[in-house]
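Chemist: Below is the sequence, then the predicted model.
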Amino acid sequence: MLHLKKLEPFEGLGEKLIEEINRVGKIREYDKGSPAMDADDTLKYFYIILEGRIKVYRYNPQNNREQTLYLLGPRDMFDVLTVLDGQRHEVMTEALDDAKVLELPIEKVREWIDENPAFNRAFFPYMARQMRQVEELASDLSLYDTSTRLMKLLLKNLDLSSPVKHLGLLHNLPHEEIASMIGTVRHVVNRHLQQLKKEGILNIERKKLAVNNVKKMLEKVEQEY
């Protein structure tokens, strides 16, 4: 029994639907470094991240390269594509922290999409954001150099509410994980990060990144447009 009283990012769900989520939902936990939900799982279930971060990526065994498509954190959903088209989504996942997710039967989620306006108000804007994210990744890989892609990634994840300007889901990520998100390798990311530190834009301590000068970073990115 989950005993959920509300379910972020869904606001305004009726008491009846919350009761149904408590009845049909299950909590799944994944250890850091382990695979999380896979393509077979998402044919049957829909997931909402409650705690931790989960990487969604594709891997090419021929060149041992991977490309991160999404970095999921609390309030994120997976897999919206399979909910809509019922097709197997050939991606891989890995828990970057100890993670906890809410597992919901996919047919129930489709039923809520058809019948519940509060569910729809969260689901469809989220789906649009994910589609835009993949579109932006594709255009960035073809239009911008690795330095600009890195700065855009940092700006997108910047937590402006924090006085220290931490980097949200990127916080404490190994540099090879950041490299996978922008289609490059670790030593290239290391070089760019050190240059940003030298320019006084970033502070780097034990993998912890914080932006010291947002304005200067924005100016550097705008020069590439």
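Modeler: Yep, that arrived.

Chemist: per-residue confidence averaged over stretch 120-134?
Modeler: Rounded to a whole number, the mean pLDDT of stretch 120-134 is 89.

Chemist: from the chain's centre, how far out does it sit?
Modeler: 12 Å (Cα atoms, centre = their mean, to the nearest Å).

Chemist: Only the buried residues of that stretch, if you could.
Modeler: When burial is assessed from 16 or more other Cβ atoms under 10 Å, stretch 120-134 yields the following buried residues: 122-123, 126, 130. Where C-beta positions appear, they are placed from N, C-alpha and C, glycine not excepted.

Chemist: Show me where this protein has its helices.
Modeler: Counting by DSSP state H, the segments of the chain that form helices are 15-24, 39-44, 80-85, 106-115, 117-143, 146-156, 175-181, 186-198, 214-222.

Chemist: Looking at these, which is nearest to residue 93?
Modeler: If you check each of the helices of the chain against residue 93 by Cβ to Cβ, helix 39-44 wins as the nearest, at 9.1 Å.

Chemist: For the closest one, buried residues please.
Modeler: Those buried within helix 39-44 under the rule 16+ other Cβ under 10 Å are 41-42.

Chemist: where are the low-confidence patches of the chain?
Modeler: Within the chain, the set of residues satisfying pLDDT under 70 comprises 1-5, 161-165, 207, 225.

Chemist: Could you break it into its assigned domains?
Modeler: Following the assignment in automatic domain parsing, the chain carries domains at 15-122, 144-222.

Chemist: How about the contacts made by residue 217?
Modeler: With Cβ atoms under 8 Å, 6 or more residues apart in numbering as the criterion, the residues that contact residue 217 are 151, 154-155, 196, 201, 211.

Chemist: Of those residues, which is the nearest to residue 112?
Modeler: Using Cβ to Cβ as the measure, the one of the contacts of residue 217 that approaches residue 112 most closely is residue 155, at 34.3 Å.
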